[in-house]
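Visitor: Pasted the sequence and its predicted model underneath.
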Amino acid sequence: MSAILTLDSVSKTFSQGERKGISVLKDISLEIKEHEFFILVGPSGSGKSTLLRIMSGLEREYTGSVVLAPGYNKRDMSFVFQQFALLPWLTVYENIELGLLSRVASEHERAEIVNKELAQFGLERFARSYPKELSGGMRQRVGLARSLAVSPKILFMDEPFSELDSFTAEELRGELLNIWRERGLTVIMVTHIVEEAIELADRIAVFTPRPARVERIYENTLSRPRNRRAEQFFDLADKLYATIKP
């Protein structure tokens with residue numbers, strides 16, 4: 001597979017506020033392959049989310065370069081946030097539609113897309129509900145639906161399941177894998193849960209403590225669906241835990 005996103009010597013030092021002068025990333029060079037599921041893990045505060053924001057274009061103050069492959073642009077990207085990031089004054093339907101307003105002029109076309117995503121995530125009954133009326137799992141389903149409604153080719157995800165109970169997170173991980181395969185997405189995700197990374201990822205990049213560098217990238221060759229009780233799963237988990245430094 002060819003690279004869809006290439007990072008060359010990306011570094012980040014905060015230049016203002018309480019974190020001024022703190023170096024969080026140092027000379028990060030990576031190639032993200034087209035259609036792969038790539039996950040970043042590492043110690044808390046090591047800059048994983050900062051790098052994700054740099055790759056997605058949400059963070060623009062850094063040194064080094066981030067280059068998209070020819071034929072791709074910023075409109076091919078979408079972002080799923082840890083805290084759902086739904087607008088509380090909009091309904092579920094309106095939240096999902098939000099990103100389409102500047103892209104799809106026809107109200108009929110927007111309705112078709114939104115209804116497709118509502119069906120994908122089992123949200124049809126909640127289309128006219130507001131975020132405060134939903135559980136955490138349902139709110140994250142809306143967040144996923146909104147991000148996917150714009151038909152991204154690259155999906156960035158910042159610890160998307162960390163606020164959910166284990167059963168809901170497991171269910172959503174399974175749905176995400178199905179969507180990733182069906183839609184041919186490239187997914188780049190941050191997690192602090194080693195087992196989650198092994199369950200989902202094709203490759204796993206382990207960060208050092210701040211200022212973060214890439215300590216090692218692990219190829220995950222376990223066949224899907226991945227058995228968390230398999231010996232090979234435990235072996236890879238042991239390697240990841242040994243590489244991650246506190």
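Guide: Ah, there it is. What you see is a predicted model, and the numbers here were worked out from it, not measured in a lab.
Visitor: Helix or strand: which one has the spatially most central residue of the chain?
Guide: Nearest to the mean C-alpha position of the chain, counting by C-alpha atoms, centre = their mean, stands Met157 at 1.4 Å. Here Met157 sits within strand 154-158, counting by DSSP states H and E.
Visitor: Would you map the strands across the chain?
Guide: 3-13, 23-33, 37-41, 63-68, 77-80, 154-158, 186-190, 203-207, 214-219 (DSSP state E).
Visitor: can you put those in JSON lines and add distance to Ile244?
Guide: To be clear about C-beta, it is placed using only N, CA and C from the backbone, and glycine gets the same treatment. Listed next are the strands of the chain as JSON lines, based on distance: least, C-beta to C-beta, whole Å:
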{"stretch": "strand 3-13", "distance to Ile244": "20"}
{"stretch": "strand 23-33", "distance to Ile244": "16"}
{"stretch": "strand 37-41", "distance to Ile244": "6"}
{"stretch": "strand 63-68", "distance to Ile244": "23"}
{"stretch": "strand 77-80", "distance to Ile244": "23"}
{"stretch": "strand 154-158", "distance to Ile244": "18"}
{"stretch": "strand 186-190", "distance to Ile244": "13"}
{"stretch": "strand 203-207", "distance to Ile244": "6"}
{"stretch": "strand 214-219", "distance to Ile244": "8"}
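Visitor: Can you say which of those strands is nearest to Gln140?
Guide: Among the strands of the chain, the nearest to Gln140 by C-beta to C-beta is strand 77-80 (8.0 Å).
Visitor: List the neighbouring strands of the closest one plus their orientation.
Guide: Strand 77-80 sits in its sheet next to strand 154-158 (parallel), going by DSSP bridges.
Visitor: now what about the strand it pairs with, what contacts it?
Guide: By C-beta atoms under 8 Å, 6 or more residues apart in numbering, the list of residues contacting strand 154-158 from outside reads 4-5, 49, 52-53, 55-56, 72, 76-82, 147-148, 180, 185-190.
Visitor: rewinding a little: got the strands of the chain as CSV, with distance to Phe121 and mean pLDDT columns?
Guide: As requested, these are exported to CSV (distance: least, C-beta to C-beta, whole Å; pLDDT from 0 to 100):
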stretch, distance to Phe121, mean pLDDT
strand 3-13, 25, 96
strand 23-33, 26, 95
strand 37-41, 19, 97
strand 63-68, 28, 96
strand 77-80, 12, 95
strand 154-158, 14, 97
strand 186-190, 16, 98
strand 203-207, 26, 97
strand 214-219, 31, 96
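Visitor: among those strands, which is nearest Leu134?
Guide: Across the strands of the chain, Leu134 has its closest neighbour in strand 77-80 (16.0 Å, C-beta to C-beta).
Visitor: residues of that closest one that come out buried?
Guide: 77-80 (16 or more other C-beta atoms under 10 Å).
Visitor: What of stretch 155-163?
Guide: Buried residues in stretch 155-163, defined by neighbour count with 16+ other C-beta under 10 Å: 155-161.
Visitor: Pull the number of nearby residues for the closest residue in space to Leu236 that isn't next to it in sequence.
Guide: Distances taken as C-beta to C-beta, 6 or more residues apart in numbering place Ile198 nearest to Leu236, at 5.5 Å, with adjacent residues excluded. A count of nearby residues for Ile198, using other C-beta atoms under 10 Å, gives 23.
Visitor: contacting residues for Ile198?
Guide: Ile198 neighbours (C-beta under 8 Å, 6+ apart): 204, 220, 222, 226, 233, 236-237, 240.
Visitor: now Leu185, nearest residue through space, not along the chain?
Guide: Going by C-beta to C-beta, 6+ apart, Leu185 has Leu155 as its nearest residue, at 5.2 Å.
Visitor: and that neighbour, bridged to which residues?
Guide: When assigned by DSSP bridges, Leu155 has beta-bridge partners Ser78, Val187.
Visitor: Per the annotation, how does this protein divide into domains?
Guide: Per the record, the chain has its domains at 3-72+154-243, 87-152, by automatic domain parsing.
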